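In: sequence unavailable; structure follows:
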């Protein structure tokens, strides 16, 4: 009763695998023995000899940005924790990976759990935290077991638990399983869920759980991939690590490519190393034969969609190093945080969804609208009602029952969600509708012909 | 006292209350899980609900009451979790639960067709709607299989995918479906 084993594809020449470095080795497995044979926990040994403040400085200097979607600078987030304030501190690892289009953390959890544990203990040491939880969505049932087992192995060898490596530093780690709700990826929702409550996101301010987090104590919430990067910052040194990326976006970024490309999958690339065109046509082997590109969602389903042929005005570095205004066609947009932001969208969680000329954009939006309608937690009225209305409108457009005013109504609903909710789910569910309508208006108006009884 | 009684919902008759079938191992496991949360026992709510559903197939009234009492909470504190999280059920599902991913990457790769194939293969109406809220997903008459759509399973690069019990099946083609069903049909 087993599924076909997943085979990790070999790295593309453009890739630089760090997070997926071990996983790519033939015969690599999740055991501690294998991890140790591949240099495992050496970075922890190195870190435990450093001053915690020096680790924090290294993470700041590395320009590591969070890999969960919001892209907040990791070192800045950590610096909100006052090491010596006498309060308990917690780290919660966000392994609730559920943004459509994103599928990187699942491989780390399944195939290299010790990498996460090592990064986590280093992070805990830097922020003076003695209790950590790894929150894993319950749709990864095997991952939870694998990570549990890895924690037990690490504890037996003194990498987790009391007096880690004889340093006097204690750190306990537990796995906590979610129960099928996308909203738990929102950090304050995740904390509420971990506290055993309905996972309604908390009202801001405070904006950061580092102020009031788990059990109202200073808490760091970081994505699985982000925590793994900490290990490599220590191993490589901050300078070497930062050099791999762009000035504001250090290290490697895992691009998860899905949809209509020849070779979908994850690709770990130095941040900003490829353009969107290179990613699709070189790294992923291009589109299927005879097809042309139509649309790309570049950073998980919540990121605004981009249309083939678009040209963006943005500031880029000229030949003399000065920033100049330039028109950048879609395929030349660099896949890093600042370039995608300049293109009006975001790098988000790195989930790139590609659609070719055979795809109906109303159908695609409707699929996402159904997702958001299902996953809205229901706490804020604009999102609870609006996500459902948007889903109902796109569904009736596809069913042939659209009213002439439907595209306008759809936009109006979306415009009244974004900015009016407690958490960023409001934006996440409004942005697809706003951007699909903006970029592909003709597909929506073609369906809204008025041959229906839905009023006008 | 209404506060201690969960609102009426599909529930089992008193004679088959899950709590009457508790064994010492289960209780020991529950206590071990509670020990993972030294700051607040309430944090063990989800772990205990998972434990209950794994043991008994769904969460009945007696489960809600037992977990609440164990954690020093009111039953409504547990009931509101059961009704919020899509994973928990108030009714039994099939012995094998097939969860097919519905979201965009899988839909682009034929996920809807895969779900219909699974339904047909186990004798279910491919278009039966399932609204959740604790009800069991559509289940075959012999009780062996349930099939439902779920939202993104985070495996978009190997779409379409389905989670069958604890196993993730990737890159499913319509012709694989019968073979997958056969693996679990025992």
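Out: Okay, I see it. Keep in mind the model is a prediction, meaning the values are calculated, not measured. Numbering: from 1, shown residues only, chains lettered A, B, ... in the order given.
In: hmm, residue B:79 is touching residue B:67, no?
Out: No. Using Cβ atoms under 8 Å, residue B:79 is not in contact with residue B:67; the gap is 9.9 Å. All C-beta atoms are positioned from the backbone trio N, CA, C, and that covers glycine.
In: looking at the two, which is more packed in?
Out: residue B:67 (26 against 22; other Cβ atoms under 10 Å in any protein chain shown).
In: so the nearest residue to that one once chain neighbours are set aside, which state does it fall into?
Out: Leaving out its chain neighbours, the residue that sits closest to residue B:67 by Cβ to Cβ, 6 or more residues apart in numbering or on different chains is residue B:48, at 4.6 Å. Here residue B:48 is helix, with the state taken from DSSP: H, G, I helix; E, B strand; the rest coil.
In: before we move on, what's the pLDDT of residue B:48?
Out: Looking at residue B:48, its pLDDT is 98.
In: surely it and residue B:32 touch.
Out: No. Look at residue B:48 against residue B:32 with Cβ under 8 Å: they stay out of range, at 10.9 Å.
In: more neighbours: those two, which one.
Out: residue B:48 (23 against 12).
In: any idea how far the more buried one is from residue B:179?
Out: According to Cβ to Cβ, to the nearest Å, residue B:48 stands 37 Å off from residue B:179.
In: then residue B:167?
Out: 13 Å.
In: can you pull the contacts of the nearest residue to residue B:155 once chain neighbours are set aside?
Out: Nearest non-adjacent residue to residue B:155, counting by Cβ to Cβ, 6+ apart: residue B:161, 4.5 Å away. Residues near residue B:161 by Cβ atoms under 8 Å, 6 or more residues apart in numbering or on different chains: B:100-101, B:106, B:153, B:155, B:168-172.
In: 6 Å - rerun?
Out: Applying Cβ atoms under 6 Å, 6 or more residues apart in numbering or on different chains to residue B:161 gives the contacts B:101, B:153, B:155, B:170.
In: same deal with residue B:144?
Out: Here residue B:144 is in contact with B:94-95 (Cβ under 6 Å, 6+ apart).
In: roughly how far does it sit from chain A?
Out: 13 Å (Cβ to the nearest Cβ, to the nearest Å).
In: now swap in residue B:152 and tell me
Out: Taking Cβ to the nearest Cβ, one finds residue B:152 at 4 Å from chain A.
In: how far away is residue A:195 from residue B:155?
Out: On the measure of Cβ to Cβ, residue A:195 and residue B:155 end up 29 Å apart.
In: up against chain B, what does the stretch 1-150 of chain A have?
Out: A:1, A:3, A:97-98, A:100-101, A:103, A:106, A:138-139, A:141-142 (Cβ under 6 Å from any Cβ of the partner chain).
In: give me that answer again for 8 Å
Out: A:1-4, A:6, A:88, A:97-103, A:105-106, A:131, A:137-142 (Cβ under 8 Å from any Cβ of the partner chain).
In: so which of these sit within strands?
Out: Members of the residues of the stretch 1-150 of chain A next to chain B lying in strands (criterion: DSSP state E): residue A:131.
In: are any of the residues of the stretch 1-150 of chain A next to chain B buried, and if so which?
Out: A:3, A:6, A:97-103, A:105-106, A:131, A:137-141 (16 or more other Cβ atoms under 10 Å in any protein chain shown).
In: name all residues that make contact with residue 63.
Out: Just so you know, I chose chain A. Taking Cβ under 8 Å, 6+ apart, one finds A:73, A:242, A:245, A:247-251 in contact with residue A:63.
In: the intended chain is chain B.
Out: Contacts of residue B:63 (Cβ under 8 Å, 6+ apart): B:18-19, B:49, B:52, B:56.
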